[in-house]
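Visitor: the sequence and its predicted three-dimensional model are supplied below.
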Amino acid sequence: ELSRRPGLTVLASCGAGESAYEIQESRHGAFTDGLLKSFATEGIPGEFSDSQLQSIIKTVKATTEGRQTPVVVIRPGK
């Protein structure tokens, strides 16, 4: 399975069994909206910090009233 390969990072807009929701005002999905808001306040990073990813996840959960939780899977390289 692709998600088990070493050296791979996966950012998914929602977890298994969840749906990804659109934010009508921005015309983006909640996850994309969270990323764009983070970029607007913190700049576009060369790398995401753990705290930045946790902040994006928290924002998406709040925006969707807990119905959508982004998933981050990091598989270190060899």
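Guide: Happy to help now that I have it.

Visitor: and the residue nearest the centre of the protein?
Guide: Against the mean C-alpha coordinate of the chain, by C-alpha atoms, centre = their mean, the closest residue is Pro70 at 4.7 Å.

Visitor: thought that residue was touching Ala20?
Guide: No. Distance between Pro70 and Ala20: 9.0 Å, which falls outside the contact criterion (C-beta atoms under 8 Å). In this view, the C-beta of every residue, glycine as well, is placed from N, C-alpha and C.

Visitor: who touches both of these two?
Guide: 13-14, 31 (C-beta atoms under 8 Å, 6 or more residues apart in numbering).

Visitor: kindly present those as JSON lines, with separate columns for secondary structure.
Guide: Written out in JSON lines, the entries for the shared contacts of Pro70 and Ala20 read as follows (DSSP: H, G, I helix; E, B strand; the rest coil):
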{"residue": "Ser13", "secondary structure": "coil"}
{"residue": "Cys14", "secondary structure": "coil"}
{"residue": "Phe31", "secondary structure": "helix"}
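
Visitor: please produce a ChimeraX select command covering the buried subset of these.
Guide: Buried residues within the shared contacts of Pro70 and Ala20, by 16 or more other C-beta atoms under 10 Å, are selected in ChimeraX with:
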select :13,14,31
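
Visitor: any low-confidence regions in this structure?
Guide: 1-4, 78 (pLDDT under 70).

Visitor: that older thread, wait, which of the shared contacts of Pro70 and Ala20 is closest to Glu65?
Guide: Comparing the shared contacts of Pro70 and Ala20 against Glu65 with C-beta to C-beta picks out Cys14 as the nearest, at 13.4 Å.

Visitor: much appreciated, bye for now.
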